[in-house]
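# Sharing a model that was predicted from the sequence below.
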Amino acid sequence: MKLAYKISTIGMILAISFSCSQKQQSENETNQTSKNKEVTAKEILGNPDYLAISYGGYRQTSRDVQPTIDQLKEDMKILSAMGIKILRTYNVQLPHAPNLLKAISQLKEEDSSFEMYVMLGAWIDCKNAWTDQAPDHNVESEQNVDEIDRAVALANEYPDIVKVLAVGNEAMVKWAESYYVQPSVILKWVSHLQNLKKEGSLSSDLWITSSDDFASWGGADSAYHTEDLEKLVKTVDYISMHTYPYHNSHYNPGFWKVPETDEQLSDIEKIDAAMQRAKEFAMSQYDSVKSYMQSLGVDKPIHIGETGWATVSNGHYGPKGSKATDEYKQGLYYKHMREWTNTSGISCFYFEAFDEQWKDSHNPKGSENHFGLFTLNGQAKYPVWSEVDKGTFAGLTRDGNPIVKTYEGKKDSLMAEVMVPPAHMEATVED
């Protein structure tokens, strides 16, 4: 009896142990399946757990010098550490975007938990864009066909990474005089991509959009309210709109200058109030696009494809201009925009991750070179100083440089360069 009892007991223990082992294995498989579950644009856009940013990895004054795969991977680790999981790129004419996709793919192979997705941009031009001939805004460039084909090929090669295709960047707004096209061109290519999805030549989960100024999406001048724009709004999967209070501090400064009612405030209070108005300005442009969309009987997501704040300017936004430029204001704007969009179900592809010096290569202090949250050598600007304090970037480098704070982390030194916006009646010097 004792022997039989022992055998029976041992059998029960083995059975329980095997059952627990099976349960644990099943849980592990479920967790792994969940981890490896392929997310879609619908799931990640507007999700605050998937912060978005615009990205260019160029280090030099010319895009002829492309960042290496290792440099791109270095940047991805920095951005991933601070919670960025969606990147926006702008063209597939150059190796940058294909190499970025390779870099992300390699990082995923090295670490199965690494997550990074891409909104892949296809650049669209009009005929004679960027040449010595007059741009013909009513005819598209013959190069657009190949650009779209390259974007489609990359989306199919990296379906686990490319979640959005964007046709054109500020390609419809009329102040883009060098290259803008009519909405009919963007509509043609968006419709083409949507048809590829229906045919099964592109993933049905891939979202198609165009990323353009709020005015191009019907948020301003009624001259943009055309039949083709109406069709485009109805054809894209979502609207990707740009808003730049920073640029408007010069071109449309009514919201920016210190009103008479605020003249009694301290300098820092005037600055803080101006940045609050900047946020409200961006929100008003978002609302104007939403109102136009709803007037067409359309209800679909609107996300911010670009917005940002430069930290250096010797032009319209500097000491002789709107005085909008410095790291403190950039920090406030970044904070305001993240708080608003994260709580409102809006993705904000903040412009941009790192400074790039090719954009205004002949003017090192031109504002276009200084929109990054990080400098060229990887110093963290004021908006992300808190991430340095938390140790977010410990062990990470950019081109061999550890991620440290600008101004050696001395806020007094930073604030010494912060300018108060002009008074309401104060004139600014034209550059």
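Okay, I see it.

# May I see the buried residues of stretch 214-226?
By 16 or more other Cβ atoms under 10 Å, the buried positions in stretch 214-226 come out as 214, 215, 216, 217, 218, 219, 220, 224. For the C-beta atoms, the positions are set from N, CA and C on the backbone; glycine is no exception.

# Over to stretch 294-303?
301, 302, 303.

# what residues does it touch?
The contact list for stretch 294-303 (Cβ atoms under 8 Å, 6 or more residues apart in numbering) reads 45-46, 52, 230, 233-234, 236-241, 286, 289-290, 293, 346-349.

# pretty sure residue 178 contacts residue 131?
No. Look at residue 178 against residue 131 with Cβ atoms under 8 Å: they stay out of range, at 9.5 Å.

# Quick one: residues contacting the residue nearest to the spatial centre of the chain.
Centroid-nearest residue in the chain: residue 349, 2.3 Å away (criterion: Cα atoms, centre = their mean). Counting by Cβ under 8 Å, 6+ apart, residue 349 touches 52, 53, 54, 86, 88, 119, 240, 303, 304, 305, 306.

# circling back to that earlier point, so which of the buried residues of stretch 294-303 comes closest to residue 268?
residue 303 (32.4 Å; Cβ to Cβ).

# Tell me the strands beside the one helix or strand the closest one maps to, with direction?
Following DSSP states H and E, the helix or strand that holds residue 303 is strand 302-308. Using DSSP bridges, the strands paired with strand 302-308 are strand 239-242 (parallel), strand 348-351 (parallel).

# Residue 338 belongs to a strand?
No. Assessed by DSSP: H, G, I helix; E, B strand; the rest coil, residue 338 does not belong to a strand; its assignment is helix.

# hang on, it packs against residue 348?
Yes. Using Cβ under 8 Å, residue 338 is in contact with residue 348, at 6.8 Å.

# more crowded one of the two?
residue 348 (26 against 15; other Cβ atoms under 10 Å).

# Now that one: closest residue in space that isn't a chain neighbour?
residue 341 (4.1 Å; Cβ to Cβ, 6 or more residues apart in numbering).

# so that neighbour, which of the three states?
Residue 341 - assigned by three-state DSSP - is helix.

# Roughly how far does it sit from residue 166?
18 Å (Cβ to Cβ, to the nearest Å).

# now swap in residue 258 and tell me
37 Å.

# Settle it for me: which of those two has more neighbours?
Using other Cβ under 10 Å, the more surrounded residue of residue 258 and residue 166 is residue 166, with 27 against 22.

# Now do the buried residues in the helix or strand where residue 196 lies.
Using DSSP H and E, the element containing residue 196 is helix 183-199. Residues 183-191, 193-194, 196-197 are the ones in helix 183-199 that count as buried (16+ other Cβ under 10 Å).

# Adding secondary structure, distance to residue 60 and pLDDT, write the buried residues of stretch 214-226 out as a markdown table.
Formatted as a markdown table, these follow (DSSP: H, G, I helix; E, B strand; the rest coil; distance: Cβ to Cβ, whole Å; pLDDT from 0 to 100):
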| residue | secondary structure | distance to residue 60 | pLDDT |
| --- | --- | --- | --- |
| 214 | helix | 32 | 98 |
| 215 | helix | 33 | 98 |
| 216 | helix | 31 | 98 |
| 217 | helix | 34 | 98 |
| 218 | coil | 38 | 98 |
| 219 | coil | 36 | 98 |
| 220 | coil | 36 | 94 |
| 224 | helix | 37 | 97 |
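
# just to revisit the earlier point, contacts only, for the residue nearest to residue 348.
Contacts of residue 341 by Cβ under 8 Å, 6+ apart are 304, 347, 348.

# number of nearby residues for the first one?
A total of 26 residues lie near residue 304 under the criterion other Cβ under 10 Å.

# Number the residues from 27 up from this point.
Happy to do that; since the first residue is 27 now, the last one works out to residue 330.

# give me the low-pLDDT residue ranges for this protein?
27-63, 452-457 (pLDDT under 70).

# let's go with 90 and repeat that
Within the chain, the segments meeting pLDDT under 90 span 27-64, 450-457.

# And the helices in it?
According to DSSP state H, the chain carries its helices in the segments 28-62, 67-70, 95-107, 122-136, 170-183, 209-225, 253-261, 271-277, 293-321, 353-370, 411-415, 437-441.

# Which strands and helices lie in contact with the fourth one?
Here helix 122-136 is seen to pack against helix 95-107, strand 143-148, helix 170-183 when contacts are counted using 3 or more Cβ pairs under 8 Å, 6 or more residues apart in numbering; DSSP states H and E.

# any idea how far residue 262 is from the nearest residue to residue 359 once chain neighbours are set aside?
Of all residues not flanking residue 359 in the chain, residue 335 sits nearest, at 4.3 Å (Cβ to Cβ, 6+ apart). Residue 335 sits at a distance of 27 Å from residue 262 (criterion: Cβ to Cβ).

# neighbour-wise, which of the two wins?
residue 335 (31 against 25).

# Quickly note the distance from that one to residue 322.
32 Å.

# What of residue 224?
22 Å.
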